[in-house]
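Q: build the 3D model from these lines:
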Amino acid sequence: MLYVSIYILVGLIFAFFISTIVYDKALTKGFSLKEYLFEKDSKAVWVDYFGGFILPAFLITYNSVTGGEAKSLILDLLTILIILSVAIAVLAVVRVLNDKIILNISSKYGDKTTLNNEIFNQSNLSASFFNIAFTSVITNILLQESIFEEKISVMLLRALLIFLFNIIVFIAYKFLEVKREVKIYENLFEKDNSASGLTFLGYIVSWQIILYKLVNFYDLKELYSMVVSFMLILVFYEIIKLIIKFGIKYILKEDIEDEIYLQKNIGAGFGMFVIYTGIALLISGVLFG
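A: Predicted structure coming up:
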């Protein structure tokens, strides 16, 4: 127990300082993190910095040192620092890729922009939510790493399954969660619709809760059962969501989707975030304990 406490303390300190250096000096080069956090009080920067980089690093730190017995203090600490360094490097690469994705998509709309421009110059909260959503997927994949896990092949296979399941989740969001007339990019980056961004984040994060439980509940030999369970969960998830939306419309006489996508009501966006998370916790609790 003492060793694990030392691992967590050292890991969190290392994660915070290295993540901050990488975020400030490399990923957002040309922008002063201190200025935007404390002088300009940029909410978008605060959310992106902590939600998209610091929190994932902390989660990976905690996950990598729990769930087993400590062996050698020096060897375990070295392993933790290596895992964290690799994880932070991966998170950095993901953020760079997100930046390239935004640049590529915005070019097609005739208005080139980047993730950093949206977050720092435009103070676009929805851009921060977008980045955190994708980062949560990678964080979930990285959470399969542990210094106590003996088989690397098991970690890699679980990570691959989470990645593949998430592709289906993103497709489901596109076709089942968003009205046909709503274009995701326009809502997030042209209209700066924070409510839409928060809804998107809630949906993706809720599925990370489910997928983490799912891939760790089944043995990899039970792959067929895992896939079938995923598809059934997707169906039940949508049914529960529709029932709740219908209840809101029936009781409050308002369409929550109109509030999010047309009225840009961030309160409604937060409401959907809570609903998605609640559904995920309900499903995970009932099925996986």
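Q: does residue 269 touch residue 198 like I think?
A: Yes. Using CB atoms under 8 Å, residue 269 is in contact with residue 198, at 3.7 Å. (C-beta placed from N, C-alpha, C; glycine too.)
Q: any low-confidence regions in the stretch 1-150 of the chain?
A: Counting by pLDDT under 70, the stretch 1-150 of the chain has low-confidence residues at 1, 67-71, 145-150.
Q: try 80 this time
A: For the stretch 1-150 of the chain, the stretches with pLDDT under 80 are 1-4, 64-73, 76, 109-110, 144-150.
Q: show me where it has its helices.
A: With helices called from DSSP state H, counting those that start in this stretch, the stretch 1-150 of the chain shows them at 2-22, 33-34, 43-49, 55-65, 73-108, 115-116, 125-142.
Q: relative to residue 242, which of these is closest?
A: Of all those, helix 125-142 sits nearest to residue 242, with 21.9 Å by CB to CB.
Q: any idea how far the helix or strand that the closest one is followed by is from the chain center?
A: Downstream of helix 125-142, the next assigned helix or strand under DSSP states H and E is helix 152-172. Helix 152-172 sits 14 Å away from the centroid of its parent chain (CA atoms, centre = their mean, to the nearest Å).
Q: now swap in stretch 280-289 and tell me
A: 19 Å.
Q: which other residues reach it?
A: 206-207, 209-210, 213-214, 217, 229, 233, 236-237, 240 (CB atoms under 8 Å, 6 or more residues apart in numbering).
Q: list just the nearest of these to residue 123.
A: residue 206 (26.2 Å).
Q: residue 208 sits in which helix or strand?
A: Using DSSP H and E, residue 208 falls within helix 194-217.
Q: care to break the protein down by domain?
A: Annotated domains of the chain cover 1-149, 151-289 [automatic domain parsing].
Q: could I get these in TSV, plus columns for mean neighbour count?
A: Putting the domains of the chain into TSV (neighbours: other CB atoms under 10 Å) gives the following:
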stretch	mean neighbour count
domain 1-149	18
domain 151-289	17
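Q: rewinding a little: ok, so of the contacts of stretch 280-289, who is nearest residue 173?
A: Checking those one by one against residue 173 (CB to CB), the nearest turns out to be residue 207, at 8.8 Å.
Q: separation between that closest one and residue 73?
A: Remark: distance between residue 207 and residue 73 (CB to CB, to the nearest Å) = 37 Å.
Q: cool, residue 279 as well?
A: 42 Å.
Q: return the distance of stretch 14-23 from the chain's centre.
A: 18 Å.
Q: let's see that stretch as CSV, backbone CA atoms only.
A: This file holds the C-alpha atoms of stretch 14-23, laid out as CSV (Å, rounded to 0.1, in the frame of the first residue of the first chain):
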residue,chain,number,x,y,z
PHE,A,14,5.4,13.9,-13.1
ALA,A,15,2.2,13.9,-15.2
PHE,A,16,1.3,17.5,-14.2
PHE,A,17,4.6,19.1,-14.9
ILE,A,18,5.4,17.1,-18.1
SER,A,19,1.9,17.6,-19.5
THR,A,20,2.1,21.3,-18.8
ILE,A,21,5.4,21.7,-20.5
VAL,A,22,4.3,19.7,-23.5
TYR,A,23,1.0,21.6,-23.8
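Q: which residues outside that stretch are in contact with it?
A: Contacts of stretch 14-23 (CB under 8 Å, 6+ apart): 33, 49, 53-54, 57-58, 60-61, 80-81, 84-85, 88, 91-92.
Q: and if you look at stretch 154-170?
A: 137, 140-142, 144-146, 149, 203-204, 207, 211-212, 214-216, 220, 226, 230, 234.
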